[in-house]
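> Here you go, sequence then predicted model.
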Amino acid sequence: MSTGSVPTLGSAEAPITPAPEPGTVRRVRRRNPNRPVYQEEPKAITKISKGVLLTIIVLTVIFPLWSIIITSFSTNAAVTRAGGMVVLPDELTIAAYRQIIAGGIVTRAVGVSVFVTGVGTLLSTTLTILAAWGLSKPTSFGHRPILFIFLMTMFFGAGMIPSYLLISNLGLLNSLWALILPGAVSAFNVLITRNFFMAIEPAIIEAARIDGAGEWRILSTIVVPLSRAVIAVVALFYGVGYWNAFFNAMLYINDNTKWPLQLVLRSYVLQGQAMPGADPGQIDIREGQVTGLPIQMAVVVLALVPILMIYPFVQRHFTKGVIFGAVKG
């Protein structure tokens, strides 16, 4: 090999990397220099810190729920010994739930809440899909004025008294429809769904039109199946809103037999009122085998369980449904 030639890889004359001089710090290269630093494998101390932090957050969330559930299954003596909320199981009983079912007021309120949530969610989701589909087309009739009206409702409202007068003039007082129709359409949910619809590949819709499909056929067989994620999230938003709502019932419903569960929870648990209109044979919230805190926590559990059961099945759609629908279009 001639002098000055560059040695090839694997040759006997390939240069050997010299060892670093004493006292110098050798820089360790990352396994992939083209990858950003935040994508590198975290250190062991970082993993441990994250695990500890997440564990603390989870325990902070679970501990109150655990205490509520255990207290609802406890006797008055166990509550007295614990000095309030029970943490460790002691003398467990289902007496509180038996009393709630026997009383009838809470079970009737559960039925009202289920009806309002089911019918309201179905109606609101349907109206949101139809409105979003129409507003997703810039060439549709009255596109800009109608979109402007939707945006206005997000920042300005008529107020409590005009809303009450409207519901009264429509004859909806003491009607369950007064709990559904005033909040049937959310402008925020319409905008999220609209942006998601606008992000659908236009070529798919144009191909369906060429094949002779009309607007209803395109919406029902193409757009809706492709938008299951955002529809599931919007339906969850509506469902949670209807289930947790109590203010409209407090304004428009005077008959306590038509109260939803959340208004019962507010009146008989948070404010400690006696249940009005209870028959002599029914069990009052302050009488029976268990009283006070176990009964109150049992009502809280009944209000929490439906949402806790449904939410995990829809939570996985949040990233695709809300974030994608909010930034696209």
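Done, it's in.
> so where is the stretch 1-150 of the chain shaky, pLDDT-wise?
Low-confidence segments of the stretch 1-150 of the chain, defined by pLDDT under 70, are located at 1-39, 103.
> how is this protein carved up into domains?
Structural domains annotated on the chain: 40-93, 97-327, as defined by automatic domain parsing.
> Give me whichever of those domains is most buried.
Highest mean neighbour count of the domains of the chain: domain 97-327, a mean of 17 (counted as mean count of other Cβ atoms under 10 Å). C-beta here means a position set from N, CA and C on the backbone, and glycine is covered the same way.
> How about residues contacting stretch 254-267?
Contacting residues not belonging to stretch 254-267 are listed as 105-106, 108-110, 112-113, 116, 173-174, 176, 179, 243-246, 249-250, 253, 273, 276-277, 299-300, 302-303 [Cβ atoms under 8 Å, 6 or more residues apart in numbering].
> first vs last residue of that stretch, how far apart are they?
13 Å (Cα to Cα, to the nearest Å).
> Next: stretch 180-195.
Distance between the two ends of stretch 180-195: 25 Å, counting by Cα to Cα.
> Now find how far off-centre it is within its chain.
A distance of 15 Å separates the C-alpha centroid of stretch 180-195 from that of its chain, computed with Cα atoms, centre = their mean, to the nearest Å.
> what about the strands in this structure?
With DSSP state E, there are no strands along the chain.
> Need the single longest helix in it, by residues.
Among the elements of the chain assigned as helix by DSSP state H, the one spanning the most residues is helix 105-135.
> so Phe196 touches Ala232, yeah?
No: here Phe196 lies out of contact with Ala232, judged by Cβ atoms under 8 Å, at a distance of 11.5 Å.
> wait, Met198 sits on Ser136?
Yes: the pair formed by Met198 and Ser136 meets the contact definition of Cβ under 8 Å, at 4.8 Å.
> got the contact list for Leu127?
Residues 184-185 are the ones in contact with Leu127 under the rule Cβ under 8 Å, 6+ apart.
> How much space separates it from Ile167?
When distance is defined by Cβ to Cβ, to the nearest Å, Leu127 is 18 Å away from Ile167.
> Pull the residues that contact stretch 235-252.
Contact partners of stretch 235-252, identified using Cβ under 8 Å, 6+ apart, comprise 113, 116-117, 120-121, 124-125, 128, 160, 164, 167, 172-175, 178-180, 182-183, 186, 189, 258-263, 265-266, 306-307, 310-311, 314.
> ignore the last one, stretch 142-153
For stretch 142-153, contacts defined as Cβ under 8 Å, 6+ apart pick out 131, 134-135, 137, 187, 190-191.
> change it to 6 Å
Surrounding stretch 142-153, the residues in contact under the criterion Cβ atoms under 6 Å, 6 or more residues apart in numbering are 135, 187, 190.
> Of these, which is the nearest to Ala78?
Ala187 (48.5 Å; Cβ to Cβ).
> Verify the contact between the closest one and Phe155 for me.
No: counting by Cβ atoms under 6 Å, Ala187 sits too far from Phe155 to count as a contact (9.4 Å).
> In this structure Ala208 contacts Ile218, no?
Yes: shown here, Ala208 and Ile218 form a contact pair, counting by Cβ under 6 Å, at 5.0 Å.
> chain center to the longest helix of the chain, what's the gap?
15 Å.
> With stretch 178-193 instead?
On the basis of Cα atoms, centre = their mean, the separation between the geometric centre of stretch 178-193 and that of its chain is 15 Å.
> Can I get stretch 84-98 as PDB, trimmed to CA atoms?
Taking C-alpha atoms only, stretch 84-98 is exported to PDB below (Å, rounded to 0.1, in the frame of the first residue of the first chain):
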ATOM      1  CA  GLY A  84     -67.000  10.000  59.700                       C
ATOM      2  CA  MET A  85     -66.000   8.400  56.400                       C
ATOM      3  CA  VAL A  86     -64.900   4.700  56.800                       C
ATOM      4  CA  VAL A  87     -61.700   3.600  55.200                       C
ATOM      5  CA  LEU A  88     -61.200   0.100  56.500                       C
ATOM      6  CA  PRO A  89     -64.100  -2.300  56.000                       C
ATOM      7  CA  ASP A  90     -66.000  -2.800  59.300                       C
ATOM      8  CA  GLU A  91     -69.500  -4.400  59.700                       C
ATOM      9  CA  LEU A  92     -70.400  -4.300  56.000                       C
ATOM     10  CA  THR A  93     -74.100  -4.400  55.100                       C
ATOM     11  CA  ILE A  94     -76.300  -3.600  52.200                       C
ATOM     12  CA  ALA A  95     -79.000  -2.000  54.400                       C
ATOM     13  CA  ALA A  96     -78.500   1.500  52.900                       C
ATOM     14  CA  TYR A  97     -79.200   0.200  49.400                       C
ATOM     15  CA  ARG A  98     -82.200  -1.800  50.600                       C
END
